[in-house]
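*Asks:* what follows is a predicted structure for the sequence shown.
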Amino acid sequence: MALAPIKASLEVFNKTNMSECIAKQVLLTGYFEYLLNTMLVESVVEQGKPYIKILTPSDPKQRGCQLSLIFSIHVNQVQLELKKRGVTSDKREPDVLRFAPVPLYSRYIDVYRLVYAIRDAMKVAALNPMPDMPCENS
């Protein structure tokens, strides 16, 4: 087994502590939630445009670093568009994607870019729905 990846991981872990990781996790996830709430939730999106709903509790004490999102359009098409943009998500059937900005190596700019990637993927997915997968709002 190659030890280089393990050594690199340990070097990263040695540069921080659990308190710092938890503090950054709360801030990163809060920033992620803020951006989603100001850009992509139903109440701020133009009528007829795709939107998301955050399923994860808003209280940082009731969640980790991940947020679960439900989409107003077919989630498979959104996930496909995100993959084209280099974004990895965790799908939960039937229509939820989970995203986790990990505090050890995620930056605020990464979260910002993620939200814009989600927005752009939703726009394209809404314009190009999969033929055998009708949009929820159809």
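*Replies:* Good, I have the coordinates.
*Asks:* quick check: the closest residue to K24 other than its chain neighbours vs T38, distance?
*Replies:* Once flanking residues are discounted, K24 sits nearest to P103: 3.9 Å by CB to CB, 6 or more residues apart in numbering. In short, each C-beta sits where N, CA and C put it, glycine included. Computed as CB to CB, to the nearest Å, the P103 to T38 distance reads 22 Å.
*Asks:* ok, these two, which is more surrounded?
*Replies:* P103 (20 against 10; other CB atoms under 10 Å).
*Asks:* just checking, the more buried one touches L28?
*Replies:* Yes - P103 is within contact range of L28, at 5.7 Å (criterion: CB atoms under 8 Å).
*Asks:* any residues in contact with both of these two?
*Replies:* Residues touching both P103 and L28 (CB atoms under 8 Å, 6 or more residues apart in numbering) are C65.
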